[in-house]
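Visitor: Below: sequence and its predicted model.
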Amino acid sequence: MSSTQHDSVTHAIDTAVAAARDAGIELNDEAPVRDLAQRPKTSLAFDLDNLPDVTDLGAVERALEELPGVRARLVFSTKTAWITAPDLMDPSELIAVMQQFGITAVMTDSSLRRRTVASQVDEHHGAVPRRVLRGTKGMSGRMRRHQADEARALDSARTAGFMRDQHGRPRRMKRDPDVLYTSREMMTVPRLIVALVLGVPVIVVSYFQQLQFPAWQWVALVMSAPVVVWSAWPFHRALVGGVRRGLTALDGASSLAILVAFTWSIALLVSTPAGDIGWFSEPKWFAFNHSRLSDGELFLDVACGMTILLLAGRIWTMRARPSLLHEMEQRRPDPSAKVAISVRNRATGAVSIEQVPLAEVSPGDDIVLHAGEIIPVDGYVIGGLAELEPGLIDAREDTVVKVNSPVFSGSRIVDGQIKVRVAETGHQTRMAATHRWIQDVSQRQNQATMLSTKTASWLIPAAIVIAVIDFVAWVTLSNNYNAAMATALAILASVAPTALALSPSIAIRLGIESSARNGIMIRDGKTLRRLENVDTVIFNRVGTLVLPEMHVETITAERGENPDMVLRVAGALSMESDHPSAQAIVRAAREARDHAEGGDEVPHWIDVTNHEITKDGDFKARIELTTRDDDGTAHLQQVDAVLWRPTNLSSLHGRLAVAATAGGTPVVVRWKGKDRGVITLYDPIKDDAQEAITKLEEMGLETVMLSRDTYPVARKFADLLGISSVLAGISGSEKPKTVRAVHTQGASVAMIGDRSVAATLEVADVGILVDAGDKLDISRDMLDELSVAVVRDDVSAIPQLIEQARRVCTIIDRNIVYSWVYNVTAIVLAVAGLLHPMAATVLMLGMSLFVEVRSVSAKKFPS
C-alpha cells in the first residue's frame, strides 16, 4: 500500500470514529468499564482461607470495590466473602484481588450454580458424568439436557479450581478446651444424684454398726457398683485418655483409688469371712487398728465417698468460675434476628419502621430499640432516653444514655426506648474485637496450662510409686494387708494435683478477664508476671497525661515581626497534619483571619507547596509570601518555611528563648532561614492524672515523663503531677533509644503511650498502648509486640493494671506453696497410718476448694 493510500485509509477511520462519537457511541477504553458497572448485578459467595487480621479486612474490601460495580463484605467469623458484582465480571478478577492480600478464595457451590443457570449454557455435546443421569427417568429431554449442561459446567469449574470438594474437605474438629483430659460435659448433675442416692446409704451403714443387717455387705456392693462404674466414669475416662495421650490425667489418682477400693472389696467378699451372712464391720480410723486379712475388711465406703465428693466439688467449681467469653456468647446478636430499622421516604419524607435481618443492617442506618432488647451494633443515640445494664466491657461507662451518647453491641436496655445511628456491625464491633482478644488470650493460656498441668501431673506417678512402696512396707512390717491397703488408698486419695495445676490458669484467666471488663486488655500471663516486676513507669506526655486537645496560649514575635503573620504562617504549615498541636494552630489562625486581625500586611491565604513532615515531627514547606521593595512595590515570592519544636535552649536566643521556657509547649516558626516567632501551646491535664501518679509513687514505682519539650517546660509540667524524673528534649526518633538506655541501667520498664510512639512501646519490658480504640484496630505487626491495650482514656487505669498484676501473681505464688505443703504433709500422714482414706478424700477436696476460692478472687478488680 502506498503512503497516499495509507493516509486516505487513516483519514477514513478517523472520520468514522468522529462520526460515531458525534452519534453518542463511546469508542474509548473507558466505555467498557462504564458499561460493566451499569450491568445487572449478581451475588457471589467465596470461602476464604489464610485471612489476615480482622483490622486489615477493610483494605481488602476497598480493593475489591475499586473494580467497577463491585460491592464487597468480608465476614471474619465465618471466613466468607459476600460480593455483589456485574453479571459479566469474571470471578477470577475478584479472586486475584484477594490473592494480593494472601487470601485463598474459592467460590461456593451455590454461587456457581446460580451463575451457571443465569449463563444459559449453549453447549450440548460432550460426555455427561454418570452421576447426573441418575434420577432422570420421566424427565423431558430438554430438562435432561439442561441438567447435563449444568453438571458439565460445575465439573469444569471444579477442574479450574473455582470450587473445592465439600465431601473431601476435612472437617474442622473442635478442640477440647479442657486440657486436663477430664470431660466437663460428662460431669453432670444426674451422675451426682445417682451417686448420692446409692452411695450415701453405703457410707452410713459402713460407719454405723447398729444399722448393719444380715447380708448388708452384698447390698452395699450392689448399690456401690453404679456409683463406681457410671457416676465415676468421667474420672476413669480421664485416666484412660491421659494414658493414651502420654500425659497422666490429673484425676487419675482418684480414679485409681476408687477402682482399687472397689476391686479389693470384691476380692475380700469372695475369699474372706467378710462375705458371710451375718458378718458385721466396725469402722476403723487409723491403719494400725485395721483387721487382719483373714477377718475381712471392706472399702466400699471409700469408693462411694470419693466419687460423691469429687463429683460435687468439680460441678461446683465449674459453675462457680465466671467466664467472660461465655457471657459474651450469650449477648452476641443473631445475624438472622429481625431488627426495627427506621426508613424515610425520599419523596414524601414520611418515616416508617421496617423489620429486616440484622445481617442486612449497614453503617448509617437507624434502628429502634426498646426495653429488654440487646443492642446489636455499635453507634450513637440520635433519639430517646434509656437505661442500660452495666456493660461487659468497661463497666464504668454511664448506664443512662441520651442523644449523642455512644452505645456498644451487647448492652441490654433496662428501661426506655432509643434510636441508634449504626456505626459498626458484626465483627467490627467492640464486643467482637474484645471477644477475639480474649479468645486469643485463652489459646495462649491453654498452652501455658499444658505446661503447668504436665508439671503437676508428676504428683500422680510419684503418689502411685509411694503407695506401692508403702503397701509393701506395711505388709512386711505388720503383716496386715488391710492396713497396708488403707494407707495406700489414703496416699492416692490425698494428692491434689488438680489444685496445683489449676491455680495458675484460673487466676490468670480470671485476672485477665476482670481487666477486660474494666477496659484493659492484657496479652497473656507472662505480661502479668512482667508487670509484677516493673519498677519504673515511663509516660509519654502527649496521649497519656493530657487531653487530646490543645490551645494556643501565647504568640511571641521577634522584634520587627508581626505576631499575626507568625500565626498565619504556622497555620499554613500545619494544615496537612492531624496532630492536636497542629489542629490548635490551624484553629487559632482561622479565628484570627475571620476577625481580620493583622491588617493588610498579613495575607488572607498562603499557598503551600512541597509539604514535608520530618522524622522528628518538624513541618517543612515552600510558602508564597508578599514582599515589598524599598519603594513599596509588592512582589510574590516563594520561600522555605519550617515549623519546629526546640529540644534545648541552645537553639534559641533572646526573647524567643525566654518565651519558649515561660509557658506551655513551644513551637518555633521560621522562614527564609530566620526564626520569626514562638507559639506556646497549652493542653489540659487529665482530671485523674495527679491522683494516678501519686498512687504509682505509693506503690514504690519510679515515675518518669518522656517529652520533646525543653527541660524547664517539661520539669514544670512534671512538678504539677508529682512525677519523679523527666527525660526532656527527646524527639520521636530518639525515644526508643532513651527507653533502652533506662533499661540497660537495670530498670524494669513499663512504657505508656499512644500510637505515635508505637516503636517505643515495643522496646520496653511492658508496652502499654493507651487510647487503643473501641475496636482494638491494631495492626498485626504491632499486635504481636504489644503487651497491654487500654481502651479507657483515664490515667487511673495504669496503677489499677499494675496492682491487678501484683494481686494475681501473689495469688498464684501462694497457692503453689500451699499446694506443695499440703501434698507433702498429707502423704506423710497417710504413710504413717494416721489418715483414713475417706478423711484423705475430704482433705484433698477441701484443699482443692481452698485453692479454687483463692484463684476465683482474682476476678476482683482494684478500685
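Guide: Cool, got the structure.
Visitor: from here on, contacts and neighbour counts on C-alpha atoms
Guide: OK.
Visitor: buried residues in stretch 207-221?
Guide: 212, 216-218, 220-221 (16 or more other C-alpha atoms under 10 Å).
Visitor: Show me what secondary structure element comes after the worst-scoring helix or strand of the chain on mean pLDDT.
Guide: Ranking every helix and strand in the chain by mean pLDDT, DSSP states H and E puts helix 30-37 at the bottom, with a mean of 52. Tracing the chain past helix 30-37, the next element assigned as helix or strand by DSSP states H and E is strand 41-49.
Visitor: Mind checking the pLDDT average for that following strand?
Guide: For strand 41-49, mean pLDDT is 85.
Visitor: Which elements pack onto that strand?
Guide: Applying 3 or more C-alpha pairs under 8 Å, 6 or more residues apart in numbering; DSSP states H and E, we find strand 41-49 packed against strand 80-86, strand 104-107, helix 109-119.
Visitor: Low-confidence stretches in the stretch 751-863 of the chain?
Guide: 772-785 (pLDDT under 70).
Visitor: The stretch 51-200 of the chain now?
Guide: In the stretch 51-200 of the chain, residues with pLDDT under 70: 53-55, 113, 115-182.
Visitor: Point out where the stretch 251-400 of the chain drops to low pLDDT.
Guide: Low-confidence segments of the stretch 251-400 of the chain, defined by pLDDT under 70: 284-296, 320-322, 394-397.
Visitor: how does it look with 80?
Guide: Scanning the stretch 251-400 of the chain for pLDDT under 80 picks out 251-253, 281-297, 317-323, 345-349, 390-398.
Visitor: Please, where are all the strands along it?
Guide: In the stretch 251-400 of the chain, the strands defined using DSSP state E, counting those that start in this stretch lie at 338-344, 351-357, 366-369, 378-388, 400-401.
Visitor: I'd like those strands written out as CSV, with mean neighbour count and distance to T609 added.
Guide: Converted to CSV, the strands of the stretch 251-400 of the chain look like this (neighbours: other C-alpha atoms under 10 Å; distance: least, C-alpha to C-alpha, whole Å):
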stretch, mean neighbour count, distance to T609
strand 338-344, 18, 45
strand 351-357, 13, 48
strand 366-369, 23, 42
strand 378-388, 20, 39
strand 400-401, 18, 46
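Visitor: Dump those into JSON lines; add distance to A257 as well.
Guide: Shown next, in JSON lines, are these (distance: least, C-alpha to C-alpha, whole Å):
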{"stretch": "strand 338-344", "distance to A257": "55"}
{"stretch": "strand 351-357", "distance to A257": "56"}
{"stretch": "strand 366-369", "distance to A257": "57"}
{"stretch": "strand 378-388", "distance to A257": "52"}
{"stretch": "strand 400-401", "distance to A257": "57"}
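Visitor: Of those strands, which is nearest W474?
Guide: W474 lies closest, by C-alpha to C-alpha, to one member of the strands of the stretch 251-400 of the chain: strand 378-388, at 66.4 Å.
Visitor: got the CA positions of that closest one in CSV?
Guide: The C-alpha trace of strand 378-388 is given here as CSV (Å, rounded to 0.1, in the frame of the first residue of the first chain):
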residue,chain,number,x,y,z
ASP,A,378,-22.0,0.0,67.8
GLY,A,379,-23.3,3.5,67.3
TYR,A,380,-24.6,6.6,69.0
VAL,A,381,-28.0,7.7,70.2
ILE,A,382,-29.9,10.1,67.9
GLY,A,383,-33.2,10.0,69.8
GLY,A,384,-34.8,8.8,73.0
LEU,A,385,-33.6,8.1,76.5
ALA,A,386,-32.7,4.7,78.0
GLU,A,387,-31.1,3.0,81.0
LEU,A,388,-28.7,0.2,80.3
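Visitor: quick one, domains of this protein?
Guide: For the chain, the structural domains run 1-30, 31-160, 189-324, 337-422, 434-514+803-859, 533-546+686-791, 551-682, going by automatic domain parsing.
Visitor: quick one on the thing from earlier: among the strands of the stretch 251-400 of the chain, which is nearest V704?
Guide: Closest to V704 of the strands of the stretch 251-400 of the chain is strand 378-388 (C-alpha to C-alpha; 36.7 Å).
Visitor: Buried ones in the longest helix along the chain, by neighbour count?
Guide: If you go by DSSP state H, the chain has its longest helix at helix 797-831. Buried positions in helix 797-831, judged by neighbour count with 16+ other C-alpha under 10 Å: 797-812, 815-816, 818-820, 822-823, 826-827, 829-831.
Visitor: Which other helices and strands does it contact?
Guide: Using 3+ C-alpha pairs under 8 Å, 6+ apart: helix 797-831 touches helix 481-494, helix 497-517, helix 525-533, helix 689-698, helix 837-856.
Visitor: Compare the mean pLDDT across those helices and name the weakest.
Guide: Within the helices and strands packed on helix 797-831, confidence is poorest for helix 497-517, with a mean of 82 (mean pLDDT).
Visitor: Centre of the chain to that one, how far?
Guide: Here helix 497-517 is found 17 Å from its chain centre; the criterion is C-alpha atoms, centre = their mean, to the nearest Å.
Visitor: so what does it touch, helix or strand wise?
Guide: The contact analysis (3+ C-alpha pairs under 8 Å, 6+ apart) places helix 497-517 against helix 430-457, strand 520-522, helix 797-831, helix 837-856.
Visitor: Need these in CSV (columns: distance to M575).
Guide: Converted to CSV, the helices and strands packed on helix 497-517 look like this (distance: least, C-alpha to C-alpha, whole Å):
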stretch, distance to M575
helix 430-457, 32
strand 520-522, 34
helix 797-831, 34
helix 837-856, 53
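Visitor: Quick one: closest of these to E624.
Guide: Nearest of the helices and strands packed on helix 497-517 (C-alpha to C-alpha): helix 430-457, 46.2 Å.
Visitor: Identify the residues contacting the helix or strand following that closest one?
Guide: The helix or strand immediately downstream of helix 430-457 is helix 459-478, counting by DSSP H and E. Residues from elsewhere that reach helix 459-478 (C-alpha atoms under 8 Å, 6 or more residues apart in numbering): 248, 250, 252-253, 480-481, 483-485, 487-489, 491-492, 495, 497, 831.
Visitor: Ok, stretch 736-750 next?
Guide: Here stretch 736-750 makes contact (C-alpha under 8 Å, 6+ apart) with 531, 533-538, 730, 759-761, 763-768.
Visitor: quick one: which of the residues you listed sit in strands?
Guide: Per DSSP state E, strands hold the following members of the contacts of stretch 736-750: 536-538, 766-768.
Visitor: In those residues, find the pair that's most separated.
Guide: Greatest spatial distance among the ones in strands among the contacts of stretch 736-750 (C-alpha to C-alpha): T536 and I768, at 13.0 Å.
Visitor: So between the two, which is more surrounded?
Guide: I768 (26 against 20; other C-alpha atoms under 10 Å).
Visitor: Okay, the more buried one and V742: tell me how far apart.
Guide: Going from I768 to V742 by C-alpha to C-alpha, to the nearest Å gives 17 Å.
Visitor: What of S478?
Guide: For S478, the distance to V742 - C-alpha to C-alpha - is 67 Å.
Visitor: ok, now E532?
Guide: In terms of C-alpha to C-alpha, E532 sits 18 Å off from V742.
Visitor: Which one of those two is surrounded by more residues?
Guide: The neighbour count for E532 versus V742, taken as other C-alpha under 10 Å, is higher for E532 (20 against 15).
Visitor: Rebuild the buried residues of stretch 207-221 as CSV, extending it with distance to I375 and pLDDT.
Guide: Below are those laid out as CSV (distance: C-alpha to C-alpha, whole Å; pLDDT from 0 to 100):
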residue, distance to I375, pLDDT
Q212, 63, 86
W216, 62, 90
Q217, 61, 89
W218, 61, 92
A220, 57, 93
L221, 57, 93
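Visitor: Run through who's touching the strand or helix carrying V586.
Guide: Assessed by DSSP H and E, V586 sits inside helix 580-594. Outside helix 580-594, the residues within contact range by C-alpha under 8 Å, 6+ apart are 548-552, 564, 567-568, 570-572, 574-575, 577, 604, 681.
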